[in-house]
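1. compute the structure for the input listed below.
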Amino acid sequence: MGILGRKGSELTITHFKQVQWEGTPANGKKSRVFGSFALPGKKDWYHIAVVNDGKKTRVFINGAEDFRQNASTVTGLLAPNKGVWTIGKGIGKGSLFAGSIQEIRISDKALPKGKWLIPEPRKNSLRSGMSNKGHLLGNKENYNFLFVPDPQKTVRYMPALFHQQVKWISTMQEKLNIAMTAFLGDMVDQSDSAKQWEHSSLSLSVLDRRRVPYITLAGNHDYGLGNPYLYYYGPKRYTDKPYYKGTSPSKFSSYSITEAGSYEYLFLSVDMGHLKKDLPWAKKVLKEHPGIPTILLSHEILTSDGTFPVDTNRGSRLWEGLVDGNDQVFMTVNGHHQGTVHRIKENRFGHPVIQVLVDYQSSYNGGNGWMRLAEFDEKHDKIRFRTYSPWADSLSEKERSYFDSPYLTGDEHQFTVPFHFKERFDL
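-> Numbers count the residues shown, from 1 in each chain. Presented below is the predicted three-dimensional model:
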């Protein structure tokens, strides 16, 4: 979707809601592409600044720069056709801009922030669907399950953020009654990077030391030569953890059982890369543990068309082969696809299965530490889902950008599902 363009240069919004600038240097060499994190809201105004000081090109959204810090050398811009720009369309066959453009300013030199169209874009009021205040536990009788989506970008680009995120889990686990934490895959961004594996593993070691229950599963970024995922997160890591009950033939899938509230819960992690091999094993686990309320985890189950949840091929296989005919499976959770959607789908017994996709990897700061908590309220028969970032919550007002909100409160990030526990679990 084009915003501004002329031959050799264009500013667009990609299918993934990222701002992308492509510029061809004045000397006519190959163009360079610069991107941003995904824009979070459709109804919000964004101040976009593409700045080149003769050496570096940088892209800012409301004063915040992309977490990948992909500034690169580009000197000048190719200016064919007397430098005429087209507004509301890029070059080539890209679609017209669908939205509102208030003003565009083009300068022949890099402007300091004080001379931008909005001089202090970081000071903009909090955007819709965000809040600085919230509650993570309604009362002490409730309990939480915590889901940490795709940490790959923070592990690679902002390891301090990921470390702080995991440290918060270890500190708040008892206070918030977090009965289990599940990492939804892509523990690293590059499977051949020993540095990323060490960052990832070292961060989770604080949970080991404090005996905080957690599980991990592999994502597509975790597969590599020599199976590094199994080296760092295979069965050996869990030998001293009583809730960890067993692994699949591939050793990538596993299951755990934990007590919370009035029930035992089974967490069944089925690996996306070994689905065909591990599916019979997963069926056997459920057969050997009948009636235990089960949450199915896999890196890929649902995706999104931008608005609604959509089954992936793997998700359909899991539903048909594992979920639909096993009434004890009442929830599925996955990451992999950037976005957040959920739905309630009936199984063949006419009972509800909650399905959740949560993934913020392309968002500000590679996810900015946002996690999904599911608070189980047995007394009032409901499950409340919230999205929270301890990293954003730790920032001072001066440090906080337009996108740094501890709580995401839009309908896709915070919602409540009526859930009749006794009726649903009376299998």
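2. sec struct for residue 199, please.
-> Under the three-state scheme (DSSP: H, G, I helix; E, B strand; the rest coil), residue 199 adopts helix.
3. distance of it from residue 324?
-> Distance, residue 199 to residue 324, using C-beta to C-beta, to the nearest Å: 39 Å. C-beta coordinates here come from the backbone N, C-alpha and C atoms, glycine included.
4. next one: residue 290
-> Taken as C-beta to C-beta, the span from residue 290 to residue 324 is 16 Å.
5. of residue 199 and residue 324, which one has the most company?
-> Taking other C-beta atoms under 10 Å, residue 199 and residue 324 do not tie; residue 199 has more neighbours (22 against 16).
6. just checking, that one touches residue 158?
-> No - counting by C-beta atoms under 8 Å, residue 199 does not reach residue 158; the two are 10.0 Å apart.
7. any idea which helix or strand comes after the lowest-mean-pLDDT helix or strand in the chain?
-> Least confident helix or strand of the chain, by mean pLDDT, DSSP states H and E, is strand 72-73 with a mean of 62. Counting by DSSP states H and E, the next helix or strand C-terminal to strand 72-73 is strand 86-87.
8. quick one: the strands in the stretch 51-200 of the chain?
-> Under the criterion DSSP state E, counting those that start in this stretch, strands of the stretch 51-200 of the chain are mapped to 56-61, 64-65, 72-73, 86-87, 130-131, 143-148, 178-183.
9. buried stuff in the first one?
-> Same thing as strand 56-61. Counting neighbours by 16 or more other C-beta atoms under 10 Å, one finds that the buried residues in strand 56-61 are 57, 58, 59, 60, 61.
10. low-confidence ranges in this protein?
-> Low-confidence segments of the chain, defined by pLDDT under 70: 27-32, 69-76, 81-82, 91-94, 121-128, 427.
11. show me how it divides into domains.
-> When the chain is parsed with the TED database, its domains come out as 1-123, 143-426.
12. deepest-packed of those domains, please.
-> Among those, ranked by average contacts under mean count of other C-beta atoms under 10 Å, first place goes to domain 143-426 (a mean of 19).
13. quick check: end-to-end length of that domain?
-> With C-alpha to C-alpha, to the nearest Å as the measure, domain 143-426 spans 20 Å from end to end.
14. now swap in stretch 77-90 and tell me
-> End-to-end distance for stretch 77-90: 16 Å, by C-alpha to C-alpha.
15. can you pull out the helices in the protein?
-> Along the chain, the stretches classed as helices by DSSP state H are 152-157, 159-172, 194-209, 228-233, 275-288, 313-318, 390-394, 421-425.
16. other SSEs contacting the fifth one?
-> Here helix 275-288 touches strand 263-269, helix 313-318, going by 3 or more C-beta pairs under 8 Å, 6 or more residues apart in numbering; DSSP states H and E.
17. how much distance is there from the shortest one to the middle of the chain?
-> Read it as helix 313-318. Mean C-alpha position of helix 313-318 versus that of the full chain (C-alpha atoms, centre = their mean, to the nearest Å) differs by 20 Å.
18. same check, this time on stretch 188-201
-> Centre-to-centre, stretch 188-201 and its host chain are 18 Å apart (C-alpha atoms, centre = their mean).
19. can you list contacts of that stretch?
-> 151-153, 155-156, 159, 162-163, 187, 221-225, 228-229, 231-233 (C-beta atoms under 8 Å, 6 or more residues apart in numbering).
20. ends of it, what's the gap?
-> Using C-alpha to C-alpha, the two ends of stretch 188-201 sit 10 Å apart.
21. same question, stretch 242-254
-> So stretch 242-254: terminal residues 13 Å apart, C-alpha to C-alpha.
22. could you dump the buried residues of strand 56-61 to TSV with distance to residue 341?
-> Shown next, in TSV, are the buried residues of strand 56-61 (distance: C-beta to C-beta, whole Å):
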residue	distance to residue 341
57	34
58	32
59	27
60	29
61	23
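23. for those residues, which one is nearest residue 77?
-> residue 57 (9.6 Å; C-beta to C-beta).
24. is it true that that closest one touches residue 21?
-> Yes - using C-beta under 8 Å, residue 57 makes contact with residue 21 at a distance of 7.1 Å.
25. isn't residue 161 right up against residue 371?
-> No - contact criterion C-beta under 8 Å: residue 161 and residue 371 do not qualify, at 12.0 Å.
26. now residue 308: closest residue in space, sequence neighbours ignored.
-> Leaving aside its sequence neighbours, residue 308 sits nearest to residue 341 (C-beta to C-beta, 6 or more residues apart in numbering; 6.7 Å).
27. contacting residues for the one you found?
-> 302, 304, 307, 308, 309, 356, 357, 412.
28. can you rerun that using 7 Å?
-> Contact analysis of residue 341 by C-beta atoms under 7 Å, 6 or more residues apart in numbering lists 302, 304, 308, 309, 357, 412.
29. out of those, flag the one nearest to residue 26.
-> residue 304 (40.7 Å).
30. residue 232 versus residue 226, what's the distance?
-> From residue 226 to residue 232 the distance is 11 Å (C-beta to C-beta).
31. just to revisit the earlier point, give me the common contacts of residue 57 and residue 21.
-> Listed as contacting both residue 57 and residue 21 by C-beta under 7 Å, 6+ apart are 34, 50.
32. returning to what we had before: beta partners of the residue nearest to residue 308?
-> residue 357 (DSSP bridges).
33. and stretch 288-306, how far out from the chain middle?
-> Chain-centre distance of stretch 288-306: 17 Å, with C-alpha atoms, centre = their mean.
34. can you check stretch 10-22 too?
-> Offset of stretch 10-22 from its chain centre (C-alpha atoms, centre = their mean): 20 Å.
35. make 25 the first number, not 1, from now on.
-> Let's use 25 as the start, then, which means that last one is stretch 34-46.
36. just the CA atoms of that stretch, as CSV, please.
-> Taking Å, rounded to 0.1, in the frame of the first residue of the first chain, the C-alpha atoms of stretch 34-46 are listed here in CSV:
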residue,chain,number,x,y,z
GLU,A,34,9.0,4.7,-2.4
LEU,A,35,7.4,4.7,1.1
THR,A,36,4.8,1.9,1.6
ILE,A,37,2.9,-0.1,4.2
THR,A,38,3.5,-3.8,3.8
HIS,A,39,1.0,-6.7,4.2
PHE,A,40,2.4,-7.1,7.7
LYS,A,41,1.6,-3.5,8.6
GLN,A,42,5.2,-2.5,8.6
VAL,A,43,6.4,0.8,7.2
GLN,A,44,9.0,0.2,4.4
TRP,A,45,11.2,2.8,2.7
GLU,A,46,13.1,1.9,-0.4
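37. fine, thanks again, bye for now.
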